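[1] Any chance you can model this:
(2 chains)
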Number of protein chains: 2
Amino acid sequence: MLLLPPKEDKEEESDEIQELDLGIVGHGPAGFTAALYASRAAISVACIGRDYGGQMGLALEIENYPGFENISGIDLADKMRTQAEKFGTKIIYGEISTIVITEDNRFLIKSDMGNYIVTALIIATGGTHRELDVPGEKEFIGRGVSYCATCDAAFFKEKTVVVVGSGDAAATGTLALSDVGAKKIYWTSRSDYLKCERIYVERAEERENIEILYNKQVTEIKGTNTVEEIVFNDGTTLKADGIFAEIGALPNTELAEALGCELEDNLVRIDDDCNTSVPGVFAAGDVTSKIKNPLNRQITTSVGLATIAAISAAEFLQARKTIKKD
Amino acid sequence: MLLLPPKEDKEEESDEIQELDLGIVGHGPAGFTAALYASRAAISVACIGRDYGGQMGLALEIENYPGFENISGIDLADKMRTQAEKFGTKIIYGEISTIVITEDNRFLIKSDMGNYIVTALIIATGGTHRELDVPGEKEFIGRGVSYCATCDAAFFKEKTVVVVGSGDAAATGTLALSDVGAKKIYWTSRSDYLKCERIYVERAEERENIEILYNKQVTEIKGTNTVEEIVFNDGTTLKADGIFAEIGALPNTELAEALGCELEDNLVRIDDDCNTSVPGVFAAGDVTSKIKNPLNRQITTSVGLATIAAISAAEFLQARKTIKKD
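    Presented below is the predicted three-dimensional model:
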């Protein structure tokens, strides 16, 4: 357990530190939903994040969040954020450097946008794109190598590209590249099937500029100034101007680990009430052990867990009598 | 395990039975979300239900489903249903009489709107209002006794009413009665606090026609032709024209139990992948053991579990090779 600086130093810091009931880390659907529920419970909330909308924010089109036939990730993030703000949540656009447990078992959050002491904490830090880990990858980042087809598709009009991955992100990325008029998209899966929703496969099969290739694993990315050629494990190569690695996400567990939260399969272990192993620390969304199957990384599952985390945090705060009860 | 009728009878029935991959029971947010995800996975789906929108359908105003600042339960149900239908879900407005396991381990669903044989099943039957179980209750149903303030509030303009319950449904019902101009609303909790979201308590305290009473448990409902007086356990009485029992829901586990699904705390026991104890039967929403805390009965938690149930059902169907894999 990390402690606050000794008392001599406290005085100096104190006027910069805001005290609140609850800190939420993450600006994805889990973070904003937890903020909505908590602030409706009359809890004072700071919701701190750096990547607006989380991975949802990268989606050009969302069709599988119930209630919206079609909406962009940013638009949905805007709706969720303003809904939470309406009930009093403070949205902080900042980078957290550390969170430490104080002497009185609260949490000191240090960020580049201010410091906060909170009585309870919800970790909703989600995940970050996974890398291919092959020669040439790091060298050509931003020069043909991308981790977000829906973000960068527009740069590849009339170009030939390779999409790597078999999940929903690879699927929607492939379709986005087709939509913007890429000349040719090779959608490659390392196995003999695609894990994504079937609707995407059906759509991809109807497009003339998409070709699906199975059992293709990238082993090298070649080029001079920009990407020129992709090499696969079967010895074949494809000429391409770009490559999109959409091979899933690694959970952002660092902050939870630093607080002492136990992991399970590299995810923050939570119980059915979203309690982590550290009292007062709750977790929700893709960073948690409830989302082991990568296919379950959905907006719906994040808002569900975030609701439970917020309700559990409210009960924890009531038990600590930090919010008043009639 | 119940079996199909012997072969002699099969011939006659067969032309009436539709064969599909997946049957979903329930027309609430869990049912429609499971239908959306399953039909996007190119699974053929019949979603059968009787109560449109489930308990969500009874809500006049929803403010805590992320993405919608304010929407009625019926409007949200319409959006969710049409979204699922767009991808091929058949919505069946019918009452199920029985579901039996067939000789080849599929499920025969018999309903007043047709019979279906499905390979996998998702139980999303939610809950039904709980009764007060006091003298006078049954006698005055529809004559002052109601279980849905948001449904029946309009009949109580300029009337005096008692609301029983301390959760969100009691809270929103109390506010709805205030909105329609009830003369006086006594909002009663059997304990010394209210379990609902704090925002509702704050709003109720601002209304002149609402009075919150704690430690009041109804023991009798009196009247002649209609409700006239409510008796409490402390010997006190209140003159009232109506009483709204908003004391939670009992899970509708009958169909799951008849299939042999094991229960846990009177809820259908599921694991993190929404598997029940019966292979091929999945469950989601308020009927499941993942929603033990009544406060967690939310649209968000239902859509989250329903997503997982649909993805697990899709994997089950793929393993049984009933849907084709490229």
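[2] In the stretch 101-250 of chain A, what residue comes closest to chain B?
    residue A:198 (3.3 Å; CB to the nearest CB). C-betas here are computed from N, CA, C, even on glycine.
[3] Which helix or strand contains the residue nearest to that residue when sequence neighbours are not counted?
    Leaving out its chain neighbours, the residue that sits closest to residue A:198 by CB to CB, 6 or more residues apart in numbering or on different chains is residue B:42, at 3.3 Å. Using DSSP states H and E, residue B:42 is not contained in any helix or strand.
[4] okay, now the domains of chain A?
    Listed by automatic domain parsing, the domain ranges of chain A are A:17-128+A:249-325, A:131-245.
[5] what mean pLDDT does the last one have?
    Mean per-residue pLDDT for domain A:131-245: 93.
[6] So the residue nearest to residue A:198 sits against residue A:200, correct?
    No. Residue B:42 lies out of contact with residue A:200 (CB atoms under 8 Å); the separation is 9.8 Å.
[7] Could you check which of these two has the larger neighbour count?
    Shown here are residue B:42 and residue A:200; by other CB atoms under 10 Å in any protein chain shown, residue A:200 has more neighbours (22 against 18).
[8] For burial, what's the neighbour tally of residue A:112?
    12.
[9] Grab the longest helix from chain A for me.
    Longest among the helix segments of chain A by residue count, using DSSP state H, is helix A:299-319.
[10] touching chain B at all, that one?
    Yes. Contact of helix A:299-319 with chain B (CB under 8 Å from any CB of the partner chain) involves A:300-308, A:311.
[11] How about the contacts made by residue A:171?
    A:187, A:194, A:196-197, A:200-201, A:204 (CB atoms under 8 Å, 6 or more residues apart in numbering or on different chains).
[12] Next up, identify which helix or strand it is on.
    helix A:168-179.
[13] Okay, the spatially closest residue to residue A:232 that is not a sequence neighbour and residue B:123: tell me how far apart.
    Excluding its sequence neighbours, the residue lying closest to residue A:232 (CB to CB, 6+ apart) is residue A:216, at 4.8 Å. Distance of residue A:216 to residue B:123, given as CB to CB, to the nearest Å: 40 Å.
[14] Provide a list of residues in contact with the spatially closest residue to residue A:20 that is not a sequence neighbour.
    Ranked by CB to CB, 6+ apart and with sequence neighbours excluded, the top spatial neighbour of residue A:20 is residue A:44, at 4.4 Å. Neighbouring residues of residue A:44 by CB under 8 Å, 6+ apart: A:20-22, A:88.
[15] JSON lines please, covering those and showing pLDDT and secondary structure.
    Formatted as JSON lines, the contacts of residue A:44 follow (pLDDT from 0 to 100; DSSP: H, G, I helix; E, B strand; the rest coil):
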{"residue": "A:20", "pLDDT": "97", "secondary structure": "strand"}
{"residue": "A:21", "pLDDT": "97", "secondary structure": "strand"}
{"residue": "A:22", "pLDDT": "98", "secondary structure": "strand"}
{"residue": "A:88", "pLDDT": "95", "secondary structure": "coil"}
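[16] Give me the buried entries from the residues you listed.
    Listed as buried from the contacts of residue A:44 are A:20-22; burial here means 16 or more other CB atoms under 10 Å in any protein chain shown.
[17] ok, the residue nearest to residue A:198 - contacts?
    A:198-199, A:201-202, B:323.
[18] Distance to residue A:220, secondary structure and neighbour count added to those, as CSV?
    Converted to CSV, the contacts of residue B:42 look like this (distance: CB to CB, whole Å; DSSP: H, G, I helix; E, B strand; the rest coil; neighbours: other CB atoms under 10 Å in any protein chain shown):
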residue, distance to residue A:220, secondary structure, neighbour count
A:198, 32, helix, 22
A:199, 33, helix, 17
A:201, 27, helix, 21
A:202, 32, helix, 12
B:323, 36, coil, 16
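[19] Okay, now the sheet partners of the helix or strand following the helix holding residue A:171, with direction.
    Toward the C-terminus, helix A:168-179 is succeeded by strand A:184-188 as the next helix or strand (DSSP H and E). Here strand A:184-188 is paired, per DSSP bridges, with strand A:160-164 (parallel), strand A:210-213 (parallel).
[20] Pull the residues that contact the first one.
    When contacts are taken as CB under 8 Å, 6+ apart, the neighbours of strand A:160-164 outside the stretch itself are A:132, A:149, A:170, A:173-174, A:177, A:182-188, A:190, A:218, A:230, A:238-247.
[21] Can you turn the buried subset of those residues into a selection I can paste into ChimeraX?
    Buried residues among the contacts of strand A:160-164 (16+ other CB under 10 Å), as a ChimeraX selection:
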select /A:132,149,170,173,174,177,182,184,185,186,187,188,218,230,238,240,241,242,243,244,245,246,247
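[22] just the contacts of residue B:42 now: which is nearest residue A:57?
    Among the contacts of residue B:42, residue A:199 lies closest to residue A:57 (CB to CB), at 22.3 Å.
[23] Run a quick neighbour tally on the nearest residue to residue A:311 once chain neighbours are set aside.
    Distance criterion CB to CB, 6+ apart; nearest residue to residue A:311, sequence neighbours excluded, is residue B:295 at 4.9 Å. Residue B:295 has 21 neighbouring residues, counting by other CB under 10 Å.
[24] phi, psi of the residue nearest to residue A:20?
    phi -80, psi 130 (degrees, to the nearest 10).
[25] ok, residue A:285 - contacts?
    A:26, A:28-31, A:54, A:124-126, A:291, A:301-302, A:305-306.
[26] rerun that using 10 Å as the cut-off
    Residue A:285 makes contact with A:26, A:28-31, A:33-34, A:54-55, A:122-127, A:251, A:268, A:274, A:291, A:297-299, A:301-306, A:309, according to CB atoms under 10 Å, 6 or more residues apart in numbering or on different chains.
[27] With residue A:158 instead?
    A:180-184, A:241.
[28] can you rerun that using 6 Å?
    residue A:183 (CB atoms under 6 Å, 6 or more residues apart in numbering or on different chains).
[29] of all of chain A, which residue lies closest to chain B?
    Nearest to chain B in chain A, going by CB to the nearest CB, is residue A:304, at a distance of 2.0 Å.
[30] Number of residues surrounding the residue nearest to that residue when sequence neighbours are not counted?
    Excluding the flanking residues, the one nearest residue A:304 by CB to CB, 6+ apart is residue B:304, at 2.0 Å. Neighbourhood size, residue B:304 [other CB under 10 Å]: 33.
[31] quick one: residue B:304 and residue A:300 touch, right?
    Yes. Here residue B:304 reaches residue A:300: they are 5.1 Å apart, a contact under CB atoms under 6 Å.
[32] Name the nearest residue to residue A:228, sequence neighbours excluded.
    Nearest one to residue A:228, counting by CB to CB, 6+ apart, is residue A:222 at 5.9 Å.
[33] Residue B:283 versus the one you found, what's the distance?
    51 Å.
[34] neighbour count winner among those two?
    Between residue A:222 and residue B:283, residue B:283 has the larger neighbour count (other CB under 10 Å), namely 31 against 16.
[35] Next one: residue A:87 from residue A:309, what distance?
    16 Å.
[36] Those two: which has the busier surroundings?
    residue A:309 (33 against 21).
[37] what sits against the more buried one?
    A:34, A:122, A:274, A:282, A:284.
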